[in-house]
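[1] pasting the sequence and the predicted model now:
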Amino acid sequence: MTTNIKKVTARTFKKMKDNNEKITMLTAYDFSTAKYIDECGVDSILIGDSLGMTILGYDTTINVTIEDMLTFTKAVAKGVNRALVIADLPFLSYHVSKEQTTINAGKLIQAGANAVKLEGASDFILEEVKHLTECGINVAGHLGFTPQYINTIGGYFVQGKSYENTLKLLEAAKKLEAAGAFCLILEMVPEESAKYISENISIPTIGIGAGKYCDGQVLVIDDILGKYPGNVPKFVKQYANIKDIIKTAVTNYNDEVKKNVFPYKENTFNLTDEEREKLDSNSVK
Ligand code: KIV
């Protein structure tokens, strides 16, 4: 089926950076949310492994598996027409061997993602980025605070907080760009450092807690909707309070069922008068 919608691609991302046009990205994990985000004109949807916390209730992203990612990637991809769909390669799914990384990334692409995202810029990971790109798979990098390394980082700390560390981040960003990454997520980095990195690489930077000078912004959908029950990070703006809306609706439903008020007439199927009369005259005593 043909539509008039122009799909956002990795090439579009680059053009948007070159034209100083901000790139928008949000996470999504299910069909309907992805559809609404896409219909609102958001440029990219990330099936983030943050689903480990928002959907599966874990404390970190470490427990998320490739099977989890495949389930949610398929659901999101079905809801999207325009946005560029990026799926996270989860913890250790790209650290064992080039073969395993390729198979896992390929599965996410075949599930409907247009790109995969991985964290870090070690020599091993740079090789993987190069290889996946050569295979025809778009790869997004992720630097700064990298949640899959929470145990070695030791906590939720802002990264690149000094001149030297900013230069280290820039060096890693340049290596990712050279390896073929088409964009770079910068998480929890001081605004000045993110600006410096954004100005010194040619692929777009997408910030989360990295200030306003990145080429684009990404946030977790549950955070902006006020749905996640845990702590909301400083870099989040809550644009709605879905938690309260859900609780009010569910409380009302619960009360109405307990009081035998729901279902109402308009929610009920009825027999015709003729059929009901037959039933009444044959009623079993
Ligand atoms: O998993 C995720 O949602 C992410 C974003 C926070 C960038 O990686």
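    Good, I have the coordinates.
[2] which residue ranges form the strands in the stretch 1-150 of the chain?
    Per DSSP state E, counting those that start in this stretch, the stretch 1-150 of the chain carries strands over the ranges 23-27, 44-47, 84-88, 115-117, 138-144.
[3] any chance of these in JSON lines, plus mean pLDDT, mean neighbour count and distance to the ligand?
    In short, each C-beta sits where N, CA and C put it, glycine included. Shown next, in JSON lines, are the strands of the stretch 1-150 of the chain (pLDDT from 0 to 100; neighbours: other CB atoms under 10 Å; distance: least, CB to the nearest ligand atom, whole Å):
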{"stretch": "strand 23-27", "mean pLDDT": "99", "mean neighbour count": "24", "distance to the ligand": "4"}
{"stretch": "strand 44-47", "mean pLDDT": "99", "mean neighbour count": "30", "distance to the ligand": "6"}
{"stretch": "strand 84-88", "mean pLDDT": "99", "mean neighbour count": "28", "distance to the ligand": "5"}
{"stretch": "strand 115-117", "mean pLDDT": "99", "mean neighbour count": "25", "distance to the ligand": "7"}
{"stretch": "strand 138-144", "mean pLDDT": "98", "mean neighbour count": "26", "distance to the ligand": "6"}
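[4] in JSON lines, list the ones you listed along with distance to Arg276.
    Supplementary listing: the strands of the stretch 1-150 of the chain in JSON lines, determined by distance: least, CB to CB, whole Å:
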{"stretch": "strand 23-27", "distance to Arg276": "51"}
{"stretch": "strand 44-47", "distance to Arg276": "50"}
{"stretch": "strand 84-88", "distance to Arg276": "52"}
{"stretch": "strand 115-117", "distance to Arg276": "59"}
{"stretch": "strand 138-144", "distance to Arg276": "62"}
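[5] give me the nearest residue to Asp255, chain neighbours excluded.
    Nearest non-adjacent residue to Asp255, counting by CB to CB, 6 or more residues apart in numbering: Val261, 7.9 Å away.
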